[in-house]
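Asker: need a structure here:
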Amino acid sequence: MDDSGYGKDIAEDSIRFERLLPGPIERVWAFLTESDKRGLWLASRRHGNAPVNLS
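Answerer: Just a heads-up that it's a prediction; the model follows:
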């Protein structure tokens, strides 16, 4: 199976993901750094009543 589309191990505790995303860099950055937008794009930080930690 080819795993190259998922990520690359760069250290024992690190994985690098590279993606080409649609839209201008300012919009992509806003969706990565603003939690209200990130929740629309990736996932919200809550699952039911319990918070989900993204670290």
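Asker: ok so residue 36 is a strand residue?
Answerer: No - read with DSSP: H, G, I helix; E, B strand; the rest coil, residue 36 is helix and lies in no strand.
Asker: what number of residues lie near it?
Answerer: 9 (other Cβ atoms under 10 Å). All C-beta atoms are positioned from the backbone trio N, CA, C, and that covers glycine.
Asker: separation between it and residue 30?
Answerer: The gap separating residue 36 from residue 30 is 10 Å, by Cβ to Cβ, to the nearest Å.
Asker: before we move on, what about residue 6?
Answerer: 25 Å.
Asker: So for these two, which residue has more residues nearby?
Answerer: residue 30 (15 against 8).
Asker: Count the residues that sit near the residue nearest to that one when sequence neighbours are not counted.
Answerer: What sits nearest to residue 30 in space, not counting adjacent residues and going by Cβ to Cβ, 6 or more residues apart in numbering, is residue 37, at 5.7 Å. Using other Cβ under 10 Å, residue 37 has 14 other residues around it.
Asker: From residue 23, how far out is residue 37?
Answerer: For residue 37, the distance to residue 23 - Cβ to Cβ - is 12 Å.
Asker: just residue 38 next, same as before
Answerer: Counting by Cβ to Cβ - residue 38 and residue 23 are separated by 14 Å.
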